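Novice: need a 3D model of the sequence below.
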Amino acid sequence: MKYAVIIEKGTNSYGAYVPDLPGCVAVGETENETIELIKDAIEFHLESFKLNKKRLPKAKSKSMEFEFN
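Specialist: Modelled structure (predicted):
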């Protein structure tokens, strides 16, 4: 299953979250670090669902980028 991940650049760090997995977040000093941390957070989050015998949330969100001049 694929989940949309939102990455935002802050003043001094980057943050990431997964809209379809409430509470699944990560913060890092660099974009690459944040990407690695959110991957780990997603795996941990999904493993928690499996251990508690809960159904994995379906991916409902998607992202798109538009460029304007």
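
Novice: from now on I want contacts and neighbour counts done on CA atoms only, so please keep to that.
Specialist: Will do.

Novice: what sits up against stretch 50-59?
Specialist: Identification of contacts with stretch 50-59 by C-alpha atoms under 8 Å, 6 or more residues apart in numbering yields 1-4, 20-21, 46, 49.

Novice: show me how to select, in PyMOL, the buried members of those residues.
Specialist: This is how PyMOL selects the buried members of the contacts of stretch 50-59, with burial counted by 16 or more other C-alpha atoms under 10 Å:
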select buried, resi 3+20+21+46
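
Novice: which two from the contacts of stretch 50-59 end up farthest apart in space?
Specialist: Across the contacts of stretch 50-59, the longest distance by C-alpha to C-alpha is 17.9 Å; it joins 4 and 49.

Novice: whichever helix or strand residue 36 is part of: which residues count as buried?
Specialist: If you go by DSSP states H and E, residue 36 is part of helix 31-51. Buried residues in helix 31-51, defined by neighbour count with 16+ other C-alpha under 10 Å: 31, 34-35, 37-39, 41-42, 45-46.
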